[in-house]
Structures are given as structure tokens and as C-alpha cells.
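Peer 1: Sequence first, then the predicted structure, then my questions.
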Amino acid sequence: MPATRPGSIGGVISGWGATLGERVVTNHDLAQTLDTSDEWIVTRTGISERRIGGTTAGLACRAASDALSLAGLTPDRIDALILSTTTPDRQWGTAQIVQRELGLQCGSFEVNAACSGFVYSLVNAHGLLAMGADRVLVIGADTLSRITDWNDRATAPLFADAAGAVVLESTDGPGQLLGWDLDSDGSASELLWADVGGTVNMEGKEVFRRAVRIMMDSAEKSMRHAGITADDLALIVPHQANIRIITAACERLGVDMERAAVTIDHTGNTSSASIPVALTEALEAGRIADGDNILLVGFGGGMTAASAVLRWGGATS
Ligand code: COA
């Protein structure tokens, strides 16, 4: 049921935080070792620099600490931790490192839905609230630099490291989630994938083509379930993979770029972290007010897509 049922227990985001990888790597830095240029990367992707370095758990803890303190919560108040990542530090156990380091006393688990993972996790967190949890910490964290082939000019300029986090608290009434959509198309799984221990494999052109379509399809489903149109959106927070994908998706949805959150110029593609980082930057810039309709929409390897319409501050009816 992608539409929130009237009278069901909902949630509101009460804290947020984001952090980027430790070291700035500019396009000029990449051009030292790759047959590429700042001009090509900026024109084709919108990326000027990216930040790499740190562990997935370490970045996750930094973003989550900020989210917890903004929510005014001590770690013992959290009922569940969902860590969305496609680059865990360990085959298993990364969420539990984060749980230990933050001092949480609750269950913790990982979600891997590639770059759609944060929205998958946020929707699942609402499910936990509906089942009785009061507060869920949702983190998107990735260190894609560890699975990037730095000798491959087709992929190296794109990927980077970051984490973003939100605290979701239960509320009486329907809360903020007006509509959502989780999607995947396994028939396209050979277009974008990575083996365990391997690096990113990508058919860039075809991923680009499908990305625009599946983002739009997912966004339209979420808006339909929410009972709104693109005109009702105050802000769209898209996955940051390529500025041309964002522009094309916004154009087809009928959302002008002034209503889009864009960080890709300084973040690159940070997978699970991409949407919560862009959301946090938009909040810090004062671009979101209570009552605003916000669309989160992403796509990724698999291929997956996911979207959610939030009424910031919670719906009143
Ligand atoms: N620097 C300079 N030239 C490059 C280059 C680079 N970093 N990467 C590729 N090229 C070259 C290609 O070799 C090709 O040369 P040719 O015409 O002589 O064969 C030319 O540039 C065009 O390559 P193409 O792959 O057609 O470029 P593009 O406009 O499709 O852009 C991507 C490539 C990867 C930026 C783009 O396809 C894309 O963003 N795809 C989606 C990827 C994505 O979002 N992945 C993550 C999803 S979560």
C-alpha cells in the first residue's frame, strides 16, 4: 500500500546530518593520471570535485551524531538503526559497528538497494513505526572510492564517499509520508553492478537513458499516491548521479531547476548518501519549511528506483 492510510501511525524527521569524505579530489587532480579533462567531466556530468576517504562506518557515525544532537536525543532513545550501504566495511557487521560507536542500544541492520537504498530504508523505517517503534535512525553511507577503478576514465570521475542521516520519530496521525514507491527491474541488472570485492561495471549510456525514465515513473507513482502534482512540490531532492540526468528528469516532470536540490558539483555520486546529503544541505540553506511537499527520488544499480513524497513537519489531516 504505497499511500499512507488515514489514522495510521506516521513519522516526522526530527534531526538530520551529513558529512563528506575527508579529501578533496578535483577534476584537475584526476586529469593528472587519466586521459580526461575538467572541461569534459563538468560538461558531461556536472561534477567539479568530489570528496573521498574514511570508512563507511566512520562517515555514518559522523552524520548520525549530528542528526541525533539536532533531534535532541540521547542514543538510548533510538529503537532501531537502518544503515543503507552498498559498500559495507565488512561482509556483515558494519551496522553493528555504527551501533556500538554511537552507543545505541537497539537492533541494527543493513539495507542494500544501491543508490536507491536511502529511500528504501526511509520507507522501511516508517514500517517499523507502524509496528510500534518510536524512533528510528536511518543512515545512508557509502565509500564508493573503494570499489572504483581509478584507471577507468568512464567511471572514476563519477563516484565518491559520504554519509547522510535522519532521525524519524513517530507521531499521532498520518505524519509526513504522503506517498512512496519502491521499484526494481532485475532484467537490467547487467547494466550496473559490482562483484563482491570487485569494482563498478557500468554501461553508462544505457544507464543514463533508463535512469531518467525510471526516476520519472517512480516519482509519478509517489505523487499519484500522495494526491499531488509536480506543481505542488516545493523541492525535489534527486539522487545525484549526473546533472544531465537531474535536469532531464526535472524537465519531464515539469519541475524547474530552482526547485531542485543539487550537490553533485562538489559531491559526485555518493550512492546511499546522495539523497540525505542533498536533503541536509537544503535544510541547512533554509530551503525547506513546514508544510512543504518534498519529493525524494533515486535510482541505482540492480536496477532499482525509489521515491517518497514528504509533507515537511507532518501532514495535519
Ligand atoms: N574523459 C574524456 N573522455 C571520456 C571520458 C572521460 N572521463 N569518459 C568517456 N569519454 C569518451 C568516450 O570514450 C567517448 O569517446 P568516443 O566518442 O571517442 O568513443 C566519448 O567520451 C563519449 O562517451 P560516452 O560514454 O558516450 O559519454 P556520455 O555523454 O554518455 O557520458 C557518462 C558518459 C558515464 C558520464 C554518462 O553516460 C552517464 O552519466 N551515465 C549514467 C551513469 C550513472 O549515473 N551511473 C550511476 C548510476 S547510480
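Peer 2: Great, that's in hand. Numbering: from 1, shown residues only.

Peer 1: Nearest spatial neighbour of the closest residue to the ligand within the stretch 1-150 of the chain, chain-adjacent residues omitted?
Peer 2: Per CB to the nearest ligand atom, Thr36 is where the stretch 1-150 of the chain lies closest to the ligand, at 3.3 Å. C-beta here means a position set from N, CA and C on the backbone, and glycine is covered the same way. Once flanking residues are discounted, Thr36 sits nearest to Arg153: 4.8 Å by CB to CB, 6 or more residues apart in numbering.

Peer 1: ok, that neighbour - how many residues close by?
Peer 2: Under the neighbour criterion other CB atoms under 10 Å, Arg153 is assigned a count of 16.

Peer 1: can you check Asp292 too?
Peer 2: Count around Asp292 with other CB under 10 Å applied: 15.

Peer 1: Could you do Leu81 as well?
Peer 2: 25.

Peer 1: same question, Gly11
Peer 2: Gly11 has 30 nearby residues by other CB under 10 Å.

Peer 1: how close does it get to Gly17?
Peer 2: Gly11 is 17 Å from Gly17, where distance means CB to CB, to the nearest Å.

Peer 1: How about Arg224?
Peer 2: Counting by CB to CB, the gap from Arg224 to Gly17 is 32 Å.

Peer 1: The two: who's more crowded?
Peer 2: Set Arg224 next to Gly17 and count neighbours by other CB under 10 Å: Gly17 wins out with 25 against 15.

Peer 1: where does that one fall, helix, sheet strand or coil?
Peer 2: Look at Gly17: counting by DSSP: H, G, I helix; E, B strand; the rest coil, its state is strand.

Peer 1: That one bridge partners, please.
Peer 2: Ala165 (DSSP bridges).

Peer 1: how near is it to Arg146?
Peer 2: 22 Å.

Peer 1: what do you get for Gly268?
Peer 2: Gly268 is 14 Å from Arg146, by CB to CB.

Peer 1: The two: which has the busier surroundings?
Peer 2: Neighbours were counted for Gly268 and for Arg146 using other CB under 10 Å; Gly268 has more, 33 against 14.

Peer 1: of all the residues in the stretch 1-150 of the chain, which ones are close to the ligand?
Peer 2: Applying CB under 6 Å from any ligand atom, one finds that the stretch 1-150 of the chain approaches the ligand through Thr36, Trp40, Ile41, Arg44, Thr45, Cys115.
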